[in-house]
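**Student:** got a predicted model here, sequence first, then my questions.
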Amino acid sequence: MRTNIRHVVFLTVLGICYLLCNARLPFKPRDGSLPFLVYFPSRYRGLCVGTLVSRTAVITAAVCVTNPTIPIRDTRPINVITAATYRHPRRGIRVQVVKIIIPNLHNVSTPNKGYLMQKSPAILLLKRKVPDVLAEIPLRALDIDYKGEEVLSLQEECLIPGWHFFYKGDKIYPVHKFLLQRNVRVQFLNIVKKKMWCEALTMKFQKALTNLGFIGYFDTTACVCIRDGMYGAPLICRGRAVAMLMAPDAQWTNCTGFSNIVHLFSSDYLRNFMACVSSLFDVETQLDWTAMKKSIYEDLNEEDFDYVPEMYDRLDSASTSSEEY
């Protein structure tokens, strides 16, 4: 009897050791699941998008978390929704933001501060790390190209995720009412020459900033034109985030057509700030760019995200290098 008990105990311990040593395979988000994407309700810009740069840090647009025209900093709590790309009150895990890092603009005049804040990112530090076992989509950080290592080429295909891209059949509401989707939408876009259709939008941005009192130099090399998107949404090229939609005055009011300007992380203005906060970046695994695009193109699952082929067709021709995009 005692021998049988010993055998049972031995087999139980052996089974536990086997499970701990061999069965605990690491969690891995499937290709196309956008494990770096988070969102949160903003008091200034409706719903904003954020991108994980580590398990406990998010980069988003500064206009989503602060008002540059008010000297008093907003200290009200912010909760970021993580681990789900389907917008629903019962989906995702809410994590409190404990600290916000933005560029130091205390010594800048108010008009110029408004301009600089519109082209600035913000870093949100989260209170805790979300365990993979609790998440619908295990969280993984996205690599940020803030040194300008990725030289964008003419007609290169990139993507930008969000929740209110428009396509055929969608209802367009009046001004200040945005159409928000439940599933995240992935917009594919191609880098094109600015002079083809971006000049009017660039002039609109300059005029808006002039009306705010900005009298400084307008850096036209630090931005790229895209179609509609959401504040804080990253522009992803070759598996790295190269830019972000940040500026409210750099978009059309009807949110249709070629309507927004995104600002590059590698611009001269942001270079020092990005280098300073880069110590917070912790990318565990590199995004498989080819597998991700293939998953979105060929293995489309409507429960994960909406693909918008009617307006944003994929590119089949080869890319050609160009310094002007």
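**Tutor:** Looks like it came in fine.
**Student:** for the chain, which segments count as helices?
**Tutor:** Ranges of helices in the chain, per DSSP state H, are 2-18, 110-118, 194-197, 199-211, 268-277, 289-298.
**Student:** mean pLDDT lowest where, among those helices?
**Tutor:** Lowest mean pLDDT within the helices of the chain: helix 194-197, a mean of 46.
**Student:** count the neighbours of Arg91 for me.
**Tutor:** 13 (other CB atoms under 10 Å). (C-beta placed from N, C-alpha, C; glycine too.)
**Student:** ok, now Ser33?
**Tutor:** 21.
**Student:** contact partners for the residue lying closest to it once chain neighbours are set aside?
**Tutor:** With CB to CB, 6 or more residues apart in numbering as the criterion, Ser33 has its nearest non-adjacent residue at 4.9 Å, and that residue is Ile137. Neighbour list for Ile137: 29, 33-35, 83-85 [criterion: CB atoms under 8 Å, 6 or more residues apart in numbering].
**Student:** for the residues you listed, which one is nearest Gln96?
**Tutor:** Ala83 (14.6 Å; CB to CB).
**Student:** contact partners for the closest one?
**Tutor:** Contacts of Ala83 (CB under 8 Å, 6+ apart): 92-93, 130, 134-139.
**Student:** now for those, which pair is the farthest apart?
**Tutor:** Gly92 and Pro138 (13.1 Å).
**Student:** show me where the chain has strands.
**Tutor:** 37-42, 46-54, 57-61, 79-82, 93-101, 121-126, 157-162, 184-190, 223-226, 234-237, 240-244, 260-264, 305-307 (DSSP state E).
**Student:** let me have the ones you listed in a markdown table, extended by mean pLDDT and mean neighbour count.
**Tutor:** Below are these laid out as a markdown table (pLDDT from 0 to 100; neighbours: other CB atoms under 10 Å):
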| stretch | mean pLDDT | mean neighbour count |
| --- | --- | --- |
| strand 37-42 | 89 | 22 |
| strand 46-54 | 90 | 23 |
| strand 57-61 | 94 | 27 |
| strand 79-82 | 89 | 20 |
| strand 93-101 | 92 | 16 |
| strand 121-126 | 93 | 23 |
| strand 157-162 | 82 | 22 |
| strand 184-190 | 72 | 21 |
| strand 223-226 | 66 | 23 |
| strand 234-237 | 89 | 25 |
| strand 240-244 | 90 | 24 |
| strand 260-264 | 79 | 24 |
| strand 305-307 | 41 | 19 |
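**Student:** quick one: closest of those strands to Ile144.
**Tutor:** strand 240-244 (5.0 Å).
**Student:** ok, and what's touching that closest one?
**Tutor:** Contacts of strand 240-244 (CB under 8 Å, 6+ apart): 51, 59-61, 121, 142-145, 150, 152, 158, 223-224, 232-236, 262-266, 287.
**Student:** check stretch 40-48 too.
**Tutor:** Stretch 40-48 has contacts (CB under 8 Å, 6+ apart) with 39, 50, 60-61, 63-67, 74, 76, 78-81, 163-164, 178, 180, 230-232, 248.
**Student:** Asp288 is in contact with Gly239, isn't it?
**Tutor:** Yes: counting by CB atoms under 8 Å, Gly239 is a contact partner of Asp288 at 7.0 Å.
**Student:** settle it for me: which of these two has more neighbours?
**Tutor:** Taking neighbours as other CB under 10 Å, Asp288 and Gly239 compare with Gly239 leading, 17 against 13.
**Student:** ok, the residue nearest to that one when sequence neighbours are not counted to Glu156 distance?
**Tutor:** Excluding its sequence neighbours, the residue lying closest to Gly239 (CB to CB, 6+ apart) is Trp289, at 3.5 Å. Separation of Trp289 from Glu156 (CB to CB, to the nearest Å): 12 Å.
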